[in-house]
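Engineer: Dropping the sequence and predicted coords here.
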Amino acid sequence: MLKLLAIIAMVIDHIGILFTNDNYWFRFIGRIAFPLFAGLLAYNYFFRTSNQRKFFHRLIIFAFISQSFYMFAFQTVRLNIFFQFVFTIWTFNALNKFIIQNNVKNFVQFFIVFTISFFLSIYTSYQGFGFLIVFTLFIYFYSYKNNFYNSLLFKFLLIFLLLVLLVWLNPIKYWPSAIVNLLLVIYLPSIEQWKKEYFKQINKKYRYLFYWFYPIHIFLLKLFQIFL
């Protein structure tokens with residue numbers, strides 16, 4: 001359900017960019033999409049996938065599949081949003097390795113990976129702040145699953161950091177959208193639990209919906225823009 005909401009918001013956002021010259025309401029609604037997709041990505045990575053390595057490789061494949069469509073649709077040389085997610089998972093895995101082994105070598109590796117990912121993410125659609133938002137969400141759901149630093153203070157610090165990043169990423173006129181994002185992410189586990197309770201059978205054929213929908217819809221929207 002939240003994925004469907006994120007998809008609808010994304011389409012509205014892209015329509016706003018391609019057809020309405022950045023109409024306020026189209027972009028306001030569209031701002032919900034990225035952090036919500038990021039939250040769902042982090043949640044699924046920790047709670048819904050049985051093979052995190054395969055999950056990561058699938059993101060890499062669709063990042064490259066989507067790139068030409070993204071460049072064509074938005075006339076840009078920036079990297080598409082899948083790359084932002086790829087950089088984040090790569091960085092988080094380096095952090096997790098340091099947490100598990102807790103030695104200087106792994107810390108240095110994490111620092112190097114974090115630095116490379118942050119600077120590469122500058123060339124993605126949401127740039128460095130987008131990377132920090134996704135990375136914070138990964139830490140948030142990692143701590144949620146593993147009681148990492150089992151402390152409410154740590155949880156609230158992550159929520160506050162996420163709020164700051166969302167506000168910083170968005171112009172003032174879109175701040176209400178950022179607040180909506182924060183609430184959806186905080187209550188995402190409860191929403192997912194409700195969905196699991198009332199929708200016990202999730203059809204796996206819809207598992208790749210977003211992966212294919214992303215490049216196809218921006219390609220079709222661009223064709224409509226050209227020929228209409």
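Structural biologist: Ah, there it is. Numbering: from 1, shown residues only.

Engineer: Could you use CA atoms for every contact and neighbour count after this?
Structural biologist: Will do.

Engineer: got any ranges where this protein has weak pLDDT?
Structural biologist: Low-confidence regions of the chain, defined here as pLDDT under 70, cover residues 148-151, 195-207.

Engineer: Can you give me the distance of the residue nearest the centre of it to L2?
Structural biologist: The residue lying closest to the centre of the chain (Cα atoms, centre = their mean) is A38, at 2.1 Å. Spatial separation of A38 from L2 under the definition Cα to Cα, to the nearest Å is 11 Å.

Engineer: quick revisit: thought the residue nearest to the centre of the chain was touching T136?
Structural biologist: No: using Cα atoms under 8 Å, A38 is not in contact with T136; the gap is 9.9 Å.

Engineer: I'd guessed V86 sits against F56; true?
Structural biologist: Yes: the pair V86 and F56 qualifies as a contact (Cα under 8 Å) at a distance of 6.9 Å.

Engineer: With neighbour numbers in mind, choose between those two.
Structural biologist: Each of V86 and F56 had its neighbours counted (other Cα atoms under 10 Å), and the higher figure belongs to V86 (21 against 16).

Engineer: Report the contact partners of the more buried one.
Structural biologist: The contact partners of V86, by Cα atoms under 8 Å, 6 or more residues apart in numbering, come to F56, L59, I60.

Engineer: Enumerate the positions of the host helix or strand of it that are buried.
Structural biologist: In the assignment (DSSP states H and E), V86 maps to helix 81-101. Of all the residues in helix 81-101, those buried under the rule 16 or more other Cα atoms under 10 Å are 81-89, 91-92, 94-96, 98.
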